[in-house]
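Student: Sharing a sequence plus its predicted fold:
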Amino acid sequence: MKTILLASSLVMATSIAWSQPSTILDQSGLKVTVEGKKIEEEKNHDRWEISIVAENSSPTEIFFTGPYGAAGSPYIKIDVPNKKGLFTVGIFELQGERTDMLTSDGLAVYRVPRNIRNEKFNTHVDRGATPEINAKMLITPHNVTDFDVLRVNTLDAMNGSRPFLISAANLGNQQSDPALKFLNWDMQQVAASVNGTQFSIAPNGDFTNAMSFGSINMLGWDRSKITVSIDANGFLIYRNGNIGAAQAVPSLNFVGWDGYNYTARLGVAANCTVANGQRLLPGEIRRSRNGIYSLTFQNDGNLVLTNHNNNLVIWSSGTNNKNAANCTMQADGNLVISSATGQALWSSSTSGSNGAYLLVQDDGNVVIYRTDGNGAWCTRTKGR
């Protein structure tokens, strides 16, 4: 996933022309325009109506970091001053959407919403003057261009399943896979998923009776025998059983089932829940801790549950091609898929379960749990 990096904090002041829209910010797809209209002339001052429009028109998603714990961190602040700037009559503050990812230093990662915000303020200015609007960017800039480089903190990484980010010349682009499919020292096909610092090993990719080990034996690009274990920031590899010569590497070069050379990196820890009040946007995924099952809100609007042992879809909401834009775990406990205009297209019919959340379980069932621990709804896919 590509990140657009925004410039450091910036303050701009614009004098608004009579009923002429004026752009006070246009950067990385974020655009803020204002329009002023004098609506009344009084003895010593004029009263103006200020219209503000903020739009995210970036072709790719915009992310930024901020303090952990807030529901939404602000990324733009716009002040509308009163007469002579003595005090502010309106603060227009744009809030980011909290994701479930953290940087290695514990900052939360936020997404800039893909929407348009409109706001109006009335303000007084000196007779014959025009108001000045101040816009300030509040985003912390990053020095990375690939969002996958931002890792979750160590606690989350060691407690959850992490997907592998696979790349190779024959793939065309990087792909995310919950299992690493490699050839072992005996040229046998083996699959492994990551849970904490352990590998779940499954001969021939069947995780039904998978066993947990701290390392795996595989073939490197040069067909040499290497042993691999998990490091907090990537992998530890050593050759021919020489544990004392372990080498820390951020990526792993290995031979896949088809005999081609591949490179793998560790993605962020699996997130298996949709918290109360949280929403999924098209393309977002929730995975079971064992990496076998994924719940995907697809770009076509369908919510789909997949078993990656056989790559079969075992449940779906049936909302594909209906202009679905949001999948929300509402505060009242109802899971709702809706259009951009708010029209409900599908729901779990679990309203009245205030505080409920959704969980993608290791047994293949997706369950909405009430706060008392009892299930309110499920996909009835246990063991499938």
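Tutor: In hand now; what should we look at?
Student: tell me the residue furthest from the middle of the chain?
Tutor: In the chain, residue 43 marks the outermost C-alpha relative to the chain mean, sitting 53.4 Å out by CA atoms, centre = their mean.
Student: you'd agree that one is in a strand?
Tutor: No. Counting by DSSP: H, G, I helix; E, B strand; the rest coil, residue 43 is not part of a strand but coil.
Student: so who does residue 248 touch?
Tutor: Shown in contact with residue 248 (CB atoms under 8 Å, 6 or more residues apart in numbering): 231, 233-236. C-beta coordinates here come from the backbone N, C-alpha and C atoms, glycine included.
Student: For the protein, which segments count as helices?
Tutor: Using DSSP state H, the helices of the chain run over 154-159.
Student: Lowest mean pLDDT among the helices and strands, pick that one out for it.
Tutor: helix 154-159 (a mean of 32; mean pLDDT, DSSP states H and E).
Student: how many other residues sit next to residue 77?
Tutor: 16 (other CB atoms under 10 Å).
Student: Report the beta-bridge partners for it.
Tutor: Assessed by DSSP bridges, residue 77 has beta-bridge partners residue 93, residue 136.
Student: Model confidence for residue 243, exactly?
Tutor: With respect to pLDDT, residue 243 scores 60.
Student: same question but for residue 2, I mixed them up
Tutor: Note on residue 2: pLDDT of 38.
Student: now do residue 313
Tutor: The confidence metric pLDDT takes the value 95 at residue 313.
Student: pretty sure it contacts residue 303?
Tutor: No. Using CB atoms under 8 Å, residue 313 is not in contact with residue 303, being 10.8 Å away.
Student: which of these two has more neighbours?
Tutor: residue 303 (22 against 11).
Student: wait, doesn't the more buried one sit right on residue 285?
Tutor: No. The pair residue 303 / residue 285 is not scored as a contact, 10.7 Å apart, by CB under 8 Å.
Student: what's the overlap in contacts for those two?
Tutor: By CB under 8 Å, 6+ apart, the residues touching both residue 303 and residue 285 are 295-297.
Student: Export those residues as a markdown table, with columns for neighbour count and distance to residue 21.
Tutor: What follows is the shared contacts of residue 303 and residue 285, written out as a markdown table (neighbours: other CB atoms under 10 Å; distance: CB to CB, whole Å):
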| residue | neighbour count | distance to residue 21 |
| --- | --- | --- |
| 295 | 23 | 43 |
| 296 | 19 | 40 |
| 297 | 25 | 35 |
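Student: from those, which ones fall inside strands?
Tutor: 295-297 (DSSP state E).
Student: Residue 139: how many residues sit nearby?
Tutor: Neighbours of residue 139 using other CB under 10 Å come to 26.
Student: can you tell me how far residue 343 sits from residue 337?
Tutor: Look at residue 343 and residue 337: by CB to CB, to the nearest Å, they are 10 Å apart.
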